[in-house]
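Q: My questions concern the predicted model and sequence given below.
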Amino acid sequence: MMTTDMTMKLAFYGDDFTGSTDALEVLTFAGLNCALFLQVPDEAMLRTYGPFDAIGVAGASRAMSPIEMEEHLSPVLKAMAKLPVPLVHYKVCSTFDSSPTIGSIGRVMELARAAFSEAAIPIVAATPALARYGVFGHLFARSATDGRVHRIDRHPIMSVHPVTPMHEADLARHLGQQTEMPISGFTLPLFELGRDAMDAELDRLVQAMEGGAVLFDGMTAAQLTETGRMLHQLAQARANANDAYTPLFCVGGSGLEYALTQWWNEQGQQTRAGVEMDRFEGVSQVLAVSGSASPLSALQIDAALSAGFVDVPVDAAALVSGADAQSELKRLGSQALEALRKGHSVMMHTAKGPQDPRIDAMLCALAAQGMDKNAARHEGGRRLGQQLGEVVDSVLRAYPLKRLLLSGGDTSSLITQHIGPEALRVAARLAPGAPLCRLISSKPHLETLEVALKGGQMGQPNYFVKALRGTSDANSQFH
């Protein structure tokens, strides 16, 4: 563990940037002083930018294969196990979309054993604030396209996710396809017991699941608060048992941050009052970049174009196939800069919905290079994000932009990694799970830049327009 005398409540690793800012938002709005780093901060960095109540590390493991995870994620987990915190959270998307070959949550839990020991791993399935519910181990989620709650394997967006479609709602079975670790459930009826009985049942499950995991259901904020209480107790018991302890390792969406902060607030343990960040000013123009193929992203792109954003469609096949990549990079950068210099906002996008023909064109281009369909989807998304990072970086260096908007989990992660700030702090609430952030950077062109990062299923159709116009104007025209 670090020698620093700072005491933090929590550290989390986000498997992509949009999920990381989701967790950062919950902690910030609960009143905790926190920042999101691009790598695990050392003691000197914590002292320079801190002190903090909590920190996050934004990663990209959601797009990694199990072999890549072992190479890139294992050292990160070992470094986080040395942080001065009682609990480390591996933050996944609240929809748990993953597979045995891409973004395997099960493989992460296996890798965590080497860093955090054989203790049972709590998994928090519910995030009621985002309309994500766990019922007898099954995950349900509301879709922003129709406003209805669907079982996750029938969700109109997540069931057809282009890389990791959700075909199983039972999370124990879903994760069981990724790991042989046993998974038991702390189910809804147990929340009806008194606290002593709940704690006894949890203790029984934890003892039985050493070397495995315990999955927590949840439907309501009150149930989530009880989950936070139990997590806090597990972490504190672990910390009190041995001076040389490692943090308790947990898995879940931002429901875990909601759970803990709600419990801390109930106990009067918050260090400062919750902050109000619901209002923010508009700017004259933005650069919006979407690498998402979700139906909701298509609605958001159309709303931006209707509001006057300049349309800059990306030829995805040209950008990833190699031969025409440089000319496509040059075209995209030139068109974006020309529009920005004329005072316009820019909407750059790789697809407008899952049926966009550019998706098949990109897959065919990669198939011509010898890739199978799954490899083409994985590698295509990665190459797109990396190349778009080149475009965005060149634009930011050439034009004094105040606000950057990124859509799509993998796209947001790769672009932000490429432009390379040291950290991010939440500046304002833009949409639940997708806040407006301010960069912390020593690079002159990033010092005053604000960035919003969102997953494909996050935000309302007016998301990009609201990010441009601010809270007062956008709300009146797009509701």
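A: Everything's here; your move.
Q: Any chance of the backbone angles for Asp311?
A: Main-chain torsions, Asp311, degrees, to the nearest 10: phi -80, psi 120.
Q: er, Leu405 actually
A: Its backbone dihedrals place Leu405 at phi -120, psi 130, with angles given as degrees, to the nearest 10.
Q: who's it bridged to?
A: On the basis of DSSP bridges, Leu405 takes part in beta bridges with Ala288, Ala452.
Q: I figured it hits Ala288, correct?
A: Yes - in this structure, Leu405 sits in contact with Ala288. The criterion is C-beta atoms under 8 Å, and the distance is 4.1 Å. In this view, the C-beta of every residue, glycine as well, is placed from N, C-alpha and C.
Q: Between these two, tell me which one has more neighbours.
A: Under the criterion of other C-beta atoms under 10 Å, the comparison of Leu405 against Ala288 puts Leu405 first, with 28 against 25.
Q: Let me know the pLDDT of that one.
A: The score at Leu405 is 97. That number is its pLDDT.
Q: Return the distance of it relative to Arg425.
A: 17 Å (C-beta to C-beta, to the nearest Å).
Q: got it, and Met166?
A: The separation that Met166 has from Arg425, given C-beta to C-beta, amounts to 32 Å.
Q: Which one's more surrounded, those two?
A: Comparing Met166 with Arg425 by other C-beta under 10 Å, the one with more neighbours is Met166, at 24 against 16.
Q: What strand or helix carries the more buried one?
A: When secondary structure is defined by DSSP states H and E, Met166 falls outside every helix and strand.
Q: what's the answer for Tyr13, then?
A: Assigned by DSSP H and E, Tyr13 falls within strand 10-14.
Q: Now do that strand, average pLDDT.
A: Model confidence over strand 10-14 averages 96 on the pLDDT scale.
Q: Stretch 195-205 now?
A: Confidence over stretch 195-205 (mean pLDDT, whole number) is 96.
Q: Please put the alpha-carbon coordinates of that stretch into CSV.
A: C-alpha atoms of stretch 195-205 as CSV (Å, rounded to 0.1, in the frame of the first residue of the first chain):
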residue,chain,number,x,y,z
ARG,A,195,-30.7,-6.2,9.2
ASP,A,196,-29.4,-8.8,11.5
ALA,A,197,-31.0,-11.6,9.4
MET,A,198,-29.8,-9.9,6.2
ASP,A,199,-26.2,-9.8,7.5
ALA,A,200,-26.4,-13.4,8.7
GLU,A,201,-27.5,-14.5,5.2
LEU,A,202,-24.9,-12.4,3.5
ASP,A,203,-22.2,-13.9,5.8
ARG,A,204,-23.4,-17.4,4.9
LEU,A,205,-23.3,-16.6,1.2
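Q: contacts for it?
A: Residues from elsewhere that reach stretch 195-205 (C-beta atoms under 8 Å, 6 or more residues apart in numbering): Ala120, Ser184, Phe186, Leu190, Phe191, Leu193, Val214, Glu226, Arg229, Met230, Gln233, Leu234.
Q: List the residues that contact the nearest residue to the fifth one once chain neighbours are set aside.
A: Leaving out its chain neighbours, the residue that sits closest to Phe191 by C-beta to C-beta, 6 or more residues apart in numbering is Gln223, at 4.9 Å. Contact partners of Gln223, counting by C-beta under 8 Å, 6+ apart, are Ala126, Leu188, Phe191, Asp217.
Q: again, only this time at 10 Å
A: Residues near Gln223 by C-beta atoms under 10 Å, 6 or more residues apart in numbering: Ala126, Pro128, Tyr133, Gly134, Leu188, Leu190, Phe191, Glu192, Phe216, Asp217, Ala259.
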